[in-house]
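Undergrad: Using only what follows, build the 3D model:
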Amino acid sequence: MADFVREVMTPGVVAVRPDASLVEAAQLMRAQDIGDVLVADGQQVVGVLTDRDITVRAVAEGADPLTVSAQSVCTPDPVLVAPDDPVQAAVALMRAHAVRRLPVVEDGLPVGIVSLGDLAGAQDPDSALAEISRAEPGGRGAL
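TA: Sure thing, here's the model as predicted:
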C-alpha cells in the first residue's frame, strides 16, 4: 500500500490560462484523453476545470463555450496537496471538501493530480473503482 501522494498521483500537469475559452479547454481534454485541466495563472493554480463543469455550469445554462472563460466555470481555489503528504491526508481532504481530484503542488509549482481513482487503486487494487480507473480510455464510452 502506498504511503505518500507521490506514489499514487498522476504525474504531469495539463493546464489552461484563466481566460482560455471552454472550447479550448475541451479540445485540450479531448487531445489528452483526460476529464479535467488545471486553471493556472502563470505557475499558480487558481482552479480545476472538469468536463462536468463545462457541461453543467456552462452548456446546460445556455452559455456560449466559445466566449465563456475557463476561470468563470471552474472550481476556484482548489484544495492542494504536496507529493510528500500522506495518502490518508489526501483521502481526508477529498472527504472533507467533497472533491474527486486534488492538484499536487511542490514548491509552489503544480506537478500532478491525485484522483479518487488513483487512491482507490492504491488502497484496494481489486475494487471496482480501481479496475475502472485502470481501464484503457476509448472503450465503448459512457452509456
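Undergrad: hey, which helix or strand in this protein has the poorest pLDDT?
TA: Taking mean pLDDT, DSSP states H and E as the measure, the chain has helix 128-134 as its least confident helix or strand, at a mean of 55.
Undergrad: Strands along the chain, start to end?
TA: Remark: strands assigned in the chain by DSSP state E are 10-11, 15-16, 36-41, 44-50, 75-76, 101-106, 109-115.
Undergrad: Looking at those, spot the one closest to Pro65.
TA: Of all the strands of the chain, strand 44-50 sits nearest to Pro65, with 11.7 Å by C-beta to C-beta. Where C-beta positions appear, they are placed from N, C-alpha and C, glycine not excepted.
Undergrad: Now tell me what touches the closest one from outside.
TA: Contact partners of strand 44-50, identified using C-beta atoms under 8 Å, 6 or more residues apart in numbering, comprise 15-16, 18, 25, 35-40, 70-71, 73-78, 80, 101, 103, 105, 108, 110.
Undergrad: mind saving the C-alpha coords of it as CSV?
TA: Output of strand 44-50 as CSV, limited to C-alpha atoms (Å, rounded to 0.1, in the frame of the first residue of the first chain):
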residue,chain,number,x,y,z
GLN,A,44,-0.3,29.5,-9.6
VAL,A,45,-3.2,27.0,-9.7
VAL,A,46,-6.4,29.1,-9.5
GLY,A,47,-8.9,26.4,-10.3
VAL,A,48,-9.8,22.9,-11.6
LEU,A,49,-12.0,22.6,-14.6
THR,A,50,-13.7,19.3,-15.4
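Undergrad: change the start of the numbering to 323 and stick with it
TA: New numbering, starting at 323: the last item is strand 366-372.
Undergrad: partners of that strand in the sheet?
TA: Sheet pairing for strand 366-372, assigned by DSSP bridges, gives strand 358-363 (antiparallel), strand 397-398 (antiparallel).
Undergrad: Give me the buried positions along it.
TA: For strand 366-372, a neighbour-count test (16 or more other C-beta atoms under 10 Å) marks Val367, Val368, Gly369, Val370, Leu371, Thr372 as buried.
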